[in-house]
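Chemist: turn this into a structure:
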Amino acid sequence: MTAPLRLRLDGAALVSNWRHLAKLGGAASCGAAIKANGYGLGARDVAARLAEAGCRDFFVATWGEAAALAGLGVPVSVLHGVRAEDALDAPHARPVLSTAEQVKRWKPTGRPCDVMVDTGMNRLGVSAEEIGAGLLDGLAIETLMSHLVSADEDVPLNARQLAAFGALKGRTPAKRMSLANSAGIALGADYAFDLTRPGIALYGGRQRPGHDAIRQVATPEAQILQRRRVRAGENVGYNATWIAPADTEVAILNLGYADGYLRCFSGRGSAMVAGVGLPVIGRVSMDLTAIDVTALPELREGDWVAMSYGLPETAALSGLSQYELLTGLGGRFDRIWA
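Modeler: A predicted model of the protein is given here:
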């Protein structure tokens, strides 16, 4: 059974974005953050396409996410480390250790790991002082990594983090070092180190100059459930927030805030058909959204419309982050790769 919602996913754009980011990173290897089910697009599908393109480093948040990638033959780093409750039966995965307790828990295994060091985020990571005291001695560390706080902004903190991380070179058993996320890759070659870890830019997010070649990957599409004429002076939707200024042709879409198309798009969002913009009118409700289709008399019940969903533009319009726009898209969409 096909759903009345679909997410059109452009595999060529995904691969193109990864290759562009790899080029920006220079000699560094380019990995891929595929946590949160590949930012909502489907982690296995994303990983398979990027692995075929040459990606060899993948990052997820939890061991459950790592287990979902079993059988693909790709190495996975688990960013949240290893808890006492985690079942460590995923030979394709290794933890990114971030606390002394995690180091203590993992060291007896003798297996490879990654390590997160805090350089200013104050989120996850061991400290430089702990490293200096020998906390990581005896670990088989593949990658020492840190995370940039404000790489999408031109702030002094970027340089301070770069210096703090660079000062750790040669002070751990790590084979590689990794600092740059999507925005960090565009800060310059100094930030690339041995491995970059793009996330949002893979999926169409643009945060800095240097991301101009990034292409949109995901486009939500919704089916028209009903077309109706609303007379001048009549209202549409909850609380009658939109009153027809003239007789208006309205289409009701099978799309709402339960699908991740939130109320902030009320009176702001739009759909596109054949290059014609169709504005959202009235309030977005849980399962339904109304659009003005007066400009397209040929649209009928059962037809499909594409929602305007370029990430930078839609983030500016809605007040949501580019990350929220993708990861919030719900499970009622059929995800269709082309």
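Chemist: can you confirm residue 134 is in a helix?
Modeler: No - counting by DSSP: H, G, I helix; E, B strand; the rest coil, residue 134 is not found in a helix; it is coil.
Chemist: and it, how far is that from residue 100?
Modeler: From residue 134 across to residue 100, the span is 11 Å (Cβ to Cβ, to the nearest Å). Bear in mind the C-beta positions are built from the backbone N, C-alpha and C, glycine included.
Chemist: also residue 298?
Modeler: Taking Cβ to Cβ, one finds residue 298 at 66 Å from residue 100.
Chemist: have a look at these two and say which one is more surrounded.
Modeler: residue 100 (14 against 8; other Cβ atoms under 10 Å).
Chemist: residues contacting the nearest residue to the more buried one once chain neighbours are set aside?
Modeler: Spatial nearest neighbour of residue 100, chain neighbours left out: residue 135 (5.9 Å); criterion: Cβ to Cβ, 6 or more residues apart in numbering. Contacts for residue 135 (Cβ atoms under 8 Å, 6 or more residues apart in numbering) come out as 100, 103, 126.
Chemist: any idea which helix or strand carries the second one?
Modeler: Just to be clear, that refers to residue 103. helix 100-106 (DSSP states H and E).
Chemist: buried stuff in that helix?
Modeler: Neighbour-count burial for helix 100-106 flags 102-103, 105-106 (criterion: 16 or more other Cβ atoms under 10 Å).
Chemist: what's the helix or strand for residue 15?
Modeler: Counting by DSSP H and E, residue 15 is part of helix 11-24.
Chemist: got it, and residue 59?
Modeler: Applying DSSP H and E, one finds residue 59 within strand 58-60.
Chemist: same question for that strand, mean pLDDT?
Modeler: Mean pLDDT, strand 58-60: 98.
Chemist: now the element after that strand, going C-ward?
Modeler: helix 63-67.
Chemist: show me what that following helix is packed up against.
Modeler: helix 35-39, strand 76-78, strand 93-97 (3 or more Cβ pairs under 8 Å, 6 or more residues apart in numbering; DSSP states H and E).
Chemist: redo the ones you listed as a markdown table? Include mean pLDDT, distance to residue 252 and mean neighbour count.
Modeler: Listed next are the helices and strands packed on helix 63-67 as a markdown table, based on pLDDT from 0 to 100; distance: least, Cβ to Cβ, whole Å; neighbours: other Cβ atoms under 10 Å:
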| stretch | mean pLDDT | distance to residue 252 | mean neighbour count |
| --- | --- | --- | --- |
| helix 35-39 | 98 | 29 | 22 |
| strand 76-78 | 98 | 42 | 25 |
| strand 93-97 | 97 | 45 | 25 |
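Chemist: can you pull out the helices in the stretch 151-300 of the chain?
Modeler: Along the stretch 151-300 of the chain, counting by DSSP state H, counting those that start in this stretch, helices occupy 156-166, 182-185.
Chemist: most tightly surrounded among those?
Modeler: helix 182-185 (a mean of 28; mean count of other Cβ atoms under 10 Å).
Chemist: elements contacting it?
Modeler: So helix 182-185, by 3+ Cβ pairs under 8 Å, 6+ apart, packs with helix 11-24.
Chemist: what's in contact with the helix it packs on?
Modeler: Helix 11-24 is contacted by residues 29-30, 32, 46, 49-50, 53-55, 182, 185-186, 196, 198, 201-204, 210, 213-217, 337-338 when judged by Cβ under 8 Å, 6+ apart.
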